[in-house]
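Novice: coords please:
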Amino acid sequence: MSLLDNKKIIFIGGGNMAQALISGLLGRSVEAGNITVSDPSAEIRAQLAKKDITSIDPTQDMAAAKQAVQSADVVMLAVKPQVMSKVIPDFAEVLEQQLVMSVAAGLSTDSLSQMLQGYRTIVRAMPNTPAMIQMGATGLFASEAITEEQRQLAYEVMAASGLVMWVEEEAQLHAVTAVSGSAPAYFFYFIESIIDGGVALGLERKQAAALAMQTALGAAQMSIASDEPPAELRRKVTSPNGTTQAAIESMQSSEIGEHIKQAMQACYERSQAISSEMNQ
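Specialist: Model prediction:
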């Protein structure tokens, strides 16, 4: 049995990330009837209806939205951070023992608790966009009020869409942002550059794109499946005086590795700054 069995989950906000998580939950055999979404967008509610997901327009029926929160086991906060303070206070009065989870970047558990009139049973999640295809990577942080069972429940909710890792300090979510939250864009940029390079060397763009994307997928799968670290896998395919060595030496002479670290540091610092601005 799974902790998700018969658990009622309500999403406050039904955008891309919410729908990605819902797809993952449905794939884990969570019944559509146990999922509810509160969102004012008629377009989003129409999309959810195609998946047999019940949705509520809180601007038209706040009482129904509150009732759904009151009867839920998990309340997923999936609205934009900038509007969170306008949306979630309405639900504070019906929170009793529900697990509240937030996928909003930057908003601390303290800030969320203040918006919820001191409610502390909160877990923050930092997923990334591959969650949309159930290939995500998520960092989780739990407030001190979370029980062990609730930690496991939070884990299973997010694991429906990919890999999950706990961090012990909330500040470490900035590092999670740099390593995985923003990182899909790094890999897209690298793949984009390889495609452009292939075209410059004479391949058709469609050919270069197919080869680059399949190679990226294969390398990632090899890294996951292997007991050896990526550095050792790299060494094994780098024959002395061969073509791969020429490419790696060029990257090393250009200090590509250092540039990547600098980019991650910039991401980390920007995450800190955004969080500081939001949690004033």
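
Novice: Identify the residues contacting stretch 111-125?
Specialist: 77, 84-85, 88-89, 91-93, 95, 97-103, 107-109, 138-146, 150-151, 154, 158, 170, 173, 278-279 (CB atoms under 8 Å, 6 or more residues apart in numbering). The way it works is simple: take the backbone N, C-alpha and C, and place the C-beta from them, glycine included.

Novice: quick one: average pLDDT of it?
Specialist: Averaged over stretch 111-125, pLDDT sits at 96.

Novice: swap in stretch 99-108?
Specialist: Mean pLDDT, computed over stretch 99-108, is 94.

Novice: and it, how far from the chain's centre?
Specialist: From the chain centre to the centre of stretch 99-108 is a distance of 11 Å (CA atoms, centre = their mean, to the nearest Å).

Novice: Extract the C-alpha set from it and format it as CSV.
Specialist: In CSV, the C-alpha atoms belonging to stretch 99-108 read as follows (Å, rounded to 0.1, in the frame of the first residue of the first chain):
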residue,chain,number,x,y,z
LEU,A,99,-0.2,18.9,5.1
VAL,A,100,0.4,22.1,3.2
MET,A,101,3.0,22.0,0.4
SER,A,102,4.3,24.9,-1.6
VAL,A,103,6.0,24.8,-5.0
ALA,A,104,6.3,28.6,-5.1
ALA,A,105,10.0,29.7,-5.5
GLY,A,106,11.4,32.1,-2.9
LEU,A,107,8.6,32.2,-0.3
SER,A,108,9.9,30.8,3.0
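
Novice: Just the buried residues of it, please?
Specialist: Buried residues in stretch 99-108, defined by neighbour count with 16 or more other CB atoms under 10 Å: 99-108.

Novice: Around the nearest residue to residue 238 once chain neighbours are set aside, count how many other residues there are.
Specialist: Using CB to CB, 6 or more residues apart in numbering and skipping the chain neighbours, the partner closest in space to residue 238 is residue 244 (4.7 Å). Residues within reach of residue 244, counting by other CB atoms under 10 Å, total 13.

Novice: Dump the host helix or strand of residue 244 to PDB, keeping only the CA atoms.
Specialist: Element membership of residue 244 [criterion: DSSP states H and E] is helix 243-253. Below are the C-alpha coordinates for helix 243-253, written out as PDB (Å, rounded to 0.1, in the frame of the first residue of the first chain):
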ATOM      1  CA  THR A 243      39.100  13.100 -31.100                       C
ATOM      2  CA  THR A 244      37.400  13.300 -27.700                       C
ATOM      3  CA  GLN A 245      40.600  14.300 -26.000                       C
ATOM      4  CA  ALA A 246      41.000  17.200 -28.500                       C
ATOM      5  CA  ALA A 247      37.400  18.400 -27.600                       C
ATOM      6  CA  ILE A 248      37.900  18.000 -23.800                       C
ATOM      7  CA  GLU A 249      41.300  19.800 -23.900                       C
ATOM      8  CA  SER A 250      39.700  22.700 -25.800                       C
ATOM      9  CA  MET A 251      36.900  23.000 -23.100                       C
ATOM     10  CA  GLN A 252      39.500  22.800 -20.300                       C
ATOM     11  CA  SER A 253      41.700  25.500 -21.900                       C
END
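
Novice: Understood, closing this out.
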